[in-house]
Every structure is written in C-alpha cells, then in structure tokens.
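> My questions are about this predicted structure, shown below with the sequence.
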Amino acid sequence: MPTPIQFSTQTLSELKQLQQAALASDYAFRQTAYLANNIGPRLSGSAQEKRAVEYVAAELRALGLEVRLEKVMVPHWVRGEETAALVAFPGQAPGTTQKTVLTALGGSVATPPEGLTADVVVVKDFEELQSLGTEKVKGRIVLFNHAYDKAMAAQGRAGDAYGQAVAYRSGAPSAAAKLGAVAALIRSVGSADYRLPHTGQTKYADDVPKIPAGAVAAEDADLIAHLAPQGPVRMRLLLTPQELPEVESFNVVGDLKGSGSPEQAVIVSGHLDSWDLGTGAIDDASGVAVSMQVANLVQQLKLRPRRTIRVIAWANEENGLRGAKGYAEAHIAEFANHFAAIEMDGGAGHPVGINISGKPELKELLKPIATVLQTSGAGALDFVDGAGADIGPLEKAGVPGFSPMSDSRTYFHYHHTAADTLDKIVPRELAENAAVLAVLAYGLANIEQPLPR
C-alpha cells in the first residue's frame, strides 16, 4: 500500500517561498527592536507590558488578522532597591566592606526597611543544608553555591544544565526558612561571568515563613565560598520588593483564518512579558516577533493556509504562566480542534532543526518540512518532553507541540540578566528562526492528514 502524500507539490513549493522570504526579510528584527528598545522591560503588571499588548495587537490587525485580547489577571511584583555588602570577614582591612552584586528573585519578600545583618553560611546543595541542622542555620543568611554546569551547556545541553540549577532558585528560600534562616541567596542560575546576577521566579512553600531571596553573581558566590572556611562572614542585605494587587492583562490572539478547515488552529507563539533587568530581547521579544513574521510572510506572499494560523503573544510566562492557564481554561472545549502548537522561547540562536513533543510518528510526517529547512541548516528533528511552557497545557491534552531547536550554548549568559538586550540578537540567526517557524506553521496548516495524538 503506497504511503499517503502529506504535502502537495504546491505546498512544498510554497514552503520554499516562505523560507526564502523569511531569510531575506528584516521584519522580525524590526519588531524585536521595537519591543526591546522602544517599549523596554515588560514585567507583568508594568506600564511597558500594557503598552506591548496594545502594540502587538495593532500590528497584527495591520497584517489583516482577526485580533482579540483575552483577559487574564497577572501578579504585579515590583523589584525596588537591592544592595548587599560583606561587613565582616577574615583579613578585612579596618573600616572597609566588600560589595556583593546581587538581585532579588522574582516574588521575593522584602527585608526590614533598614535591611538585615547576619552571618552567612555557605552550602553546595540541599543535602548539605540538611546536614547542618537548625543550630547552624537559624538566624543566618544561607548561600546555596550550586554552579550551573558550563561543560554540559557547551555540549549543547544548556537547557538541562539550567534545569538542574533552577531547582535552587525555586526551592532554596523555603528550604532555608525551614531551618530558621533569615534570608536565602543562590549562586546565579546561568553562565554569565561578568558579575551579572540572574533573576527569575522563586516559589515559597505554604508551611514555612517567607524570607528574602536573591541571586548572587557567580564571582561573588565564589568570593564568599572562599572566605567562609577561613572564619565568620557577615553580610548586610537590603531588598525592598513589593507585591502589589493583581492587575488585568491579556493574551494577544490573532487569527489568519484557514481557507478549508478554519475551525482547526495551528498556534505559533512567544511570550510578551519579560524580566525587568534587561529589555527582554532574547527572552522573549524575539519569539513574539518571529511569530508575527509568520503571519506577515503568509500575507505578503498571498498564500492560503487550509487551517487557521493563530498567532499568540502570551501574558505572564515569567512569573505565573497566567496566560497559558487562562487560555487553557477559556479554550478547553476547543482543544480537539487545536491541530498543533508552536512556541519560540529558547533564544534566537542559529536553529538546527525542530523539537517535537508528541507521538513518534510525527517525525516521519515532518520529514518533507525538514528537507526544505535543511538548506538553511535547520533540518534536524528530535523529541523533547515539552516544547514550551505556554503550550504545556495543550501538550498535556494531546496537542502536538513544536519549537525551534536553537543553539543555546550562550543563551544562559544573558537570559534573565541586565544583558538581555537587542545587541545579543544576530539578525541572520533571527531570520533563520523565522524561516523555521514560517515553514513549520504553514506546513502544518496545509498537511493533508491529521496529526497523531
């Protein structure tokens, strides 16, 4: 029995047109630049995030999409002041202190208004903390000096290295609080070596006190870890974040209606919010801009997708996933008609292929798409447990998920730091990501057979 044809000759020709148009266009870069430079940091609840919603909605309407704003309530955490210094340590010159470079973790509570001063205890991991017991932790600041695995990242497994280290960003404050610590610090989760502290959301357990939480630059973590075995190290810490009342925000949803099965949707997406230290260029203005570029190219080339291509700029990925959760609640009855979901949230480095979250048969079905993309070096296909945080609820419901397989070796140098800025975007590599998403989204919108679930 012959294998069914998945892509018509016309579709394959149109995929090549999309690829070439994407590689030749600077639209995605211009949109990334506007979001990052003109609007700036877009932490949930901020004026910049609100402006970004208005901007992306207007741009998608200008492309001819049917646009709606889907309301979600988002947290409104404001960073405030953040300073620290070592005020007593072995070998200290009289009358001096040593500045510690750090940043508050997202969701952190504040120190007292005047700050707090306490001895620092350094541990490598949760197990070492437990071995110390309450007596050696109570009343102290705990520093978790768990390093991001740079060797693992250099082998192309930056996401795995991040996943191992991020456990401390999430769990350190409550683990330390259980033993009576007055504050918790972690070694920054990432590979930045230029005293760039790396923020990100922490999680407080319900059954222990909330204590101030921050991330210390890797160099400062090394410094404190070097001094601590020599004798007592004392720190003065001031963090003044505030958790304000939740505010209204929106997922921006734009539909390019399908010509044959418009009720079926192929989502292509990125998240609109960002952390507040940098301007959120790689995380994730680039993902939103490339998703917008998909619709722009399809319209520009006057192509007709059979299924609806749905562009989504997600709200609140960074500190709550309220956009993803809200979308799932609003659309759960339509999940059967969500044909596929694509998310770009792994930086804008050179893509080598496509990550697949779903049934094994998907790889065979995508081979014609991979063949087209191979001409720009993006023909690899591989399976992942999840293709994106925002499309996670869709994936759990059985919707096939996809993302560009981007070079992430340097992504965590800048991710969640003050250095996540437009200069980190290489225009050619951004265009290559746009080619991947445009070819993939349009290919899925026009594939002849349903995808396995």
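All right, it came through fine.
> residue boundaries of the helices in the stretch 301-450 of the chain?
322-331, 361-365, 367-373, 392-396, 411-414, 427-446 (DSSP state H, counting those that start in this stretch).
> pLDDT of the third one, averaged?
Put plainly, it is helix 367-373. Averaged across helix 367-373, pLDDT comes to 98.
> Dump the C-alpha coordinates for that helix into CSV.
Extracted in CSV, the C-alpha atoms of helix 367-373 (Å, rounded to 0.1, in the frame of the first residue of the first chain):
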residue,chain,number,x,y,z
LYS,A,367,10.5,14.9,7.1
PRO,A,368,9.4,16.9,4.0
ILE,A,369,9.4,20.1,6.1
ALA,A,370,12.9,19.1,7.4
THR,A,371,14.1,18.6,3.9
VAL,A,372,13.1,22.2,3.0
LEU,A,373,14.7,23.6,6.1
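> Going by neighbour count, list what's buried in it.
P368, I369, A370, V372, L373 (16 or more other CB atoms under 10 Å). No exception for glycine: its C-beta is placed from N, CA and C like everyone else's.
> what do you get for the second one?
If you call a residue buried by 16+ other CB under 10 Å, then helix 361-365 has these buried ones: L362, L365.
> Mean pLDDT per helix and strand in this structure: which one sits at the bottom?
helix 150-154 (a mean of 91; mean pLDDT, DSSP states H and E).
> helices or strands up against the next helix or strand after that one?
Counting by DSSP states H and E, the element after helix 150-154 in chain order, helix or strand, is helix 158-178. Applying 3 or more CB pairs under 8 Å, 6 or more residues apart in numbering; DSSP states H and E, we find helix 158-178 packed against helix 126-137, strand 141-144, helix 150-154, strand 183-187, strand 213-216, helix 411-414.
> so can I have CSV of the ones you listed showing mean neighbour count and distance to Q92?
Converted to CSV, those look like this (neighbours: other CB atoms under 10 Å; distance: least, CB to CB, whole Å):
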stretch, mean neighbour count, distance to Q92
helix 126-137, 14, 22
strand 141-144, 27, 17
helix 150-154, 15, 31
strand 183-187, 28, 20
strand 213-216, 28, 19
helix 411-414, 22, 32
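> Stretch 15-35: end-to-end distance?
Terminal residues of stretch 15-35 lie 28 Å apart, using CA to CA, to the nearest Å.
> Run the chain-centre distance for it.
21 Å (CA atoms, centre = their mean, to the nearest Å).
> In that stretch, which residues are buried?
15, 18-19, 21-22, 25, 27-29, 31-35.
> Stretch 110-128 now?
Buried residues in stretch 110-128 (16+ other CB under 10 Å): A110, T111, G115, L116, T117, A118, V120, V121, V122, V123, F126.
> beta partners of the fourth one?
This means L116. With DSSP bridges as the criterion, L116 is bridged to L237.
> Out of the helices of the stretch 301-450 of the chain, which is closest to V166?
Closest to V166 of the helices of the stretch 301-450 of the chain is helix 411-414 (CB to CB; 10.1 Å).
> Could you list the low-confidence segments of the stretch 151-300 of the chain?
By pLDDT under 70, the stretch 151-300 of the chain contains no weakly predicted segment.
> tell me the strands in it, going along the chain?
183-187, 213-216, 234-239, 242-256, 261-271 (DSSP state E, counting those that start in this stretch).
> about what we covered before: the buried residues of stretch 15-35 in helices, which ones?
L15, L18, Q19, A21, A22, Y27, A28, F29, Q31, T32, A33 (DSSP state H).
> one step back: out of the helices of the stretch 301-450 of the chain, which gets nearest to A313?
helix 322-331 (8.6 Å).
> Could you give me the buried positions within the closest one?
By 16+ other CB under 10 Å, the buried positions in helix 322-331 come out as R322, G323, A324, G326, Y327, A328, H331.
> List the residues that contact the closest residue in space to the fourth one that isn't next to it in sequence.
Using CB to CB, 6 or more residues apart in numbering and skipping the chain neighbours, the partner closest in space to G326 is V72 (3.7 Å). V72 is in contact with E248, S249, F250, N251, A315, N316, R322, G323, K325, G326, counting by CB atoms under 8 Å, 6 or more residues apart in numbering.
> thinking again about what came up before, can you put the strands of the stretch 151-300 of the chain in TSV and add distance to F7?
Listed next are those as TSV, based on distance: least, CB to CB, whole Å:
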stretch	distance to F7
strand 183-187	48
strand 213-216	47
strand 234-239	55
strand 242-256	19
strand 261-271	14
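> K150: which of these is closest?
strand 183-187 (12.5 Å).
> got the contact list for the closest one?
Contacts of strand 183-187 (CB under 8 Å, 6+ apart): 102, 105, 111, 116, 118, 120, 141-148, 165, 168-169, 172-173, 175-177, 211-216, 218, 221, 237.
> Make TSV out of the ones in helices among the buried residues of stretch 15-35 and add distance to L303.
Output for these, formatted as TSV (distance: CB to CB, whole Å):
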residue	distance to L303
L15	10
L18	7
Q19	13
A21	10
A22	13
Y27	16
A28	18
F29	22
Q31	20
T32	23
A33	26
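> contacting residues around the residue nearest to S269 when sequence neighbours are not counted?
In space, and not counting its chain neighbours, S269 is closest to I312: 4.0 Å by CB to CB, 6+ apart. With contact taken as CB under 8 Å, 6+ apart, I312 is in contact with N251, V252, V253, G254, I267, V268, S269, S291, Y327, D390.
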